[in-house]
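Asks: I'd like to go over a predicted model; first the sequence, then the structure.
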Amino acid sequence: MNFTMSHNKYVNITEHVSVQQFEQIQRFILANGDRKTYRNIDSNNPHYRFNNFDIFLNPENVKLFTGNPDYDKFNEITIYDPSSEIQYYTLRVVKAGDRENSATHLPEHNDDENRVYLLNIYNEDIDLMKKNLLEYYLKEIYQKML
């Protein structure tokens, strides 16, 4: 069963973070990070600590989450910055075929695959979220990955 997200809960950021870049960030976290719990729904998520914020990988299906990156499919990256006014930034990748093969919440349009979205889970100012993500968080992530 597929679920959809209402349009005001996400913004397409693929022009700034491609599916390939999303996957590069995932690989970086898995290769260089550790494990840390940050939410009740799952635990022991892949994690990497930057200077002033943390990033976590979230599994596509928390009910099937094994904690083993060889078996788990991660479709979200969450940036957590406890010192920021907006503390959580979640990026979700939707790849080709995910609409038919996924039990996760997906954008409501059928042509929205092969894209990366910024989710607005807590009803924050989505424009400010996007600005902060692009001007601060992604810059630091990409610099560290070089």
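Replies: That came through fine. Residues are numbered from 1 along each chain as shown.

Asks: And for the longest helix seen in the chain, what's in contact with it?
Replies: The single longest helix within the chain, with elements called by DSSP state H, is helix 19-32. Here helix 19-32 makes contact (C-beta atoms under 8 Å, 6 or more residues apart in numbering) with 46-48, 55-57, 69, 74, 77, 91, 93, 95, 114-116, 141, 144-145. (C-beta placed from N, C-alpha, C; glycine too.)

Asks: List the beta-bridge partners for residue 116.
Replies: Taking DSSP bridges as the rule, residue 116 bridges to residue 93.

Asks: thinking again about what came up before, can you tell me which of the contacts of helix 19-32 end up in strands?
Replies: Counted as lying in strands by DSSP state E, out of the contacts of helix 19-32, are 46-48, 55-57, 74, 77, 91, 93, 115-116.

Asks: For those, name the two members farthest from one another.
Replies: Greatest spatial distance among the ones in strands among the contacts of helix 19-32 (C-beta to C-beta): 47 and 115, at 24.8 Å.
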